[in-house]
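J.: Structural data only, the sequence is not supplied:
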């Protein structure tokens, strides 16, 4: 196979950076989770770099760091290309190091998502423990590449995402410490995001979402719940169950960052989450949501499901941008892995 990383890195030098990466002034950001291969087929998730020339995608959260006290990473079949640091559960992934840098050279915003369906630690017993854990996470993935046992070696992520599916404690001090470490690093811009359920307030992360942490954007899971996109009533200005307006109110009145963007999180295919709607059905929901000034685009779970749903991304992107034209994109490669590890198949 031709070295896609080198080829894409050279092409990236001629692609305007404004075409990619999270844009706080935009209502057409697209984020797609990668790492859990929820379609769970042998070739349904290929290496990260294979998706980064798709210019309809700006943000890619890597799922997941699913253990914090005992740092543990899981990237499903992508982990087959990693080894494990001696005496730890941390993967050492030189291929991901290479791919993250290549994707960033094309302007992609690469986040590390913390949590996932298999996260069971429940948080921290004290603020001190939480702040210490945040420092450990920063040392593993932040800008000091001399630290030991870094999963992505010298690659530095562009920020962090929180995805917790059950009740946690003392995550506000964890997030606050992580935010301060990010803000104190002048080497580049870092972002902080979260993926709460659409039910408000979110049971797992309300201590972080109640106005004490400055998030740059949040990616609401409008699925697996009564308030999801499948409950949208076409033609009605007043929605009884679909509650984007509730989250817009949160953005304006509760969020610490009053310029925070809210992304409409949807399943990318029928098997990706409860309440999937096709692109034609989703288009008017996007138009309804765009009336709210906090609207920042669409999040999808996950990349493996998206690339098996032909035309879905193109149609969603067209609905976001108001144009039938789509940007140039690369097709999914299909032969990089030879086996599949168990994945956290629940949506983020």
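T.: Nice, thanks for sending it over. Because the structure is a prediction, the values reported are computed rather than measured. Numbers count the residues shown, from 1 in each chain.

J.: buried stuff in the lengthiest helix in the chain?
T.: Longest helix in the chain by number of residues (criterion: DSSP state H): helix 127-141. Residues of helix 127-141 classed as buried by neighbour count (16 or more other CB atoms under 10 Å): 130-131, 133-134, 137-141. The way it works is simple: take the backbone N, C-alpha and C, and place the C-beta from them, glycine included.

J.: could you dump the residues you listed to JSON lines with distance to residue 294 and pLDDT?
T.: As requested, those are exported to JSON lines (distance: CB to CB, whole Å; pLDDT from 0 to 100):
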{"residue": "130", "distance to residue 294": "28", "pLDDT": "98"}
{"residue": "131", "distance to residue 294": "29", "pLDDT": "98"}
{"residue": "133", "distance to residue 294": "30", "pLDDT": "98"}
{"residue": "134", "distance to residue 294": "27", "pLDDT": "98"}
{"residue": "137", "distance to residue 294": "28", "pLDDT": "98"}
{"residue": "138", "distance to residue 294": "28", "pLDDT": "98"}
{"residue": "139", "distance to residue 294": "33", "pLDDT": "98"}
{"residue": "140", "distance to residue 294": "32", "pLDDT": "98"}
{"residue": "141", "distance to residue 294": "28", "pLDDT": "98"}
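
J.: Are there helices or strands packed against the longest helix of the chain, and which ones?
T.: Judged by 3 or more CB pairs under 8 Å, 6 or more residues apart in numbering; DSSP states H and E, helix 127-141 is in contact with helix 171-183.

J.: Summarise which helices and strands the helix it packs on is packed against.
T.: By 3+ CB pairs under 8 Å, 6+ apart, helix 171-183 packs against helix 127-141, strand 159-163, strand 191-194, helix 206-209.

J.: Between helix 171-183 and the longest one, find me the angle.
T.: In terms of direction (axes from the mean of the first three to the mean of the last three CA atoms, to 10 degrees), helix 127-141 departs from helix 171-183 by 40 degrees.

J.: what's the distance between stretch 212-228 and the middle of its chain?
T.: On the basis of CA atoms, centre = their mean, to the nearest Å, stretch 212-228 is displaced by 12 Å from the centre of the chain it belongs to.

J.: average model confidence for that stretch?
T.: Average pLDDT, stretch 212-228: 98.

J.: May I see the buried residues of it?
T.: 213-225, 227-228.

J.: Name all residues that make contact with the residue nearest the centre of the chain.
T.: The residue lying closest to the centre of the chain (CA atoms, centre = their mean) is residue 61, at 3.0 Å. Neighbour list for residue 61: 31, 33-34, 111-113, 161, 193, 195, 348 [criterion: CB atoms under 8 Å, 6 or more residues apart in numbering].

J.: where does it land in three-state SS?
T.: Secondary structure for residue 61, judged by DSSP: H, G, I helix; E, B strand; the rest coil, is strand.

J.: can you give me the helices for the stretch 201-348 of the chain?
T.: 206-209, 244-253, 279-289, 303-306, 312-321 (DSSP state H, counting those that start in this stretch).

J.: still on that earlier bit, so which of the helices and strands packed on helix 171-183 gets nearest residue 277?
T.: Residue 277 lies closest, by CB to CB, to one member of the helices and strands packed on helix 171-183: strand 159-163, at 21.5 Å.

J.: residues touching the closest residue to residue 321 other than its chain neighbours, list them.
T.: Nearest residue to residue 321 in three dimensions, chain neighbours excluded: residue 28, at 5.2 Å (CB to CB, 6 or more residues apart in numbering). Counting by CB under 8 Å, 6+ apart, residue 28 makes contact with 297, 317, 320-321.

J.: Take the residues you listed and write them to TSV, including neighbour count.
T.: Formatted as TSV, the contacts of residue 28 follow (neighbours: other CB atoms under 10 Å):
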residue	neighbour count
297	26
317	23
320	22
321	16
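
J.: Would you check how far apart residue 236 and residue 230 are?
T.: Going from residue 236 to residue 230 by CB to CB, to the nearest Å gives 14 Å.

J.: Same drill for these two, tell me which one is more crowded.
T.: Per other CB atoms under 10 Å, whichever of residue 236 and residue 230 has more neighbours is residue 230, with 21 against 10.

J.: now the strand or helix carrying residue 66 and helix 127-141, what's the angle there?
T.: Using DSSP states H and E, residue 66 sits within strand 59-67. Interaxial angle, strand 59-67 versus helix 127-141 (the same axes, to 10 degrees): 120 degrees.

J.: by contact count, what packs against the helix or strand following strand 59-67?
T.: For strand 59-67, the following helix or strand on the C-terminal side (DSSP H and E) is strand 72-73. Applying 3+ CB pairs under 8 Å, 6+ apart, we find strand 72-73 packed against strand 59-67.

J.: in the strand it packs on, what counts as buried?
T.: For strand 59-67, burial by neighbour count (16+ other CB under 10 Å) applies to 59-67.
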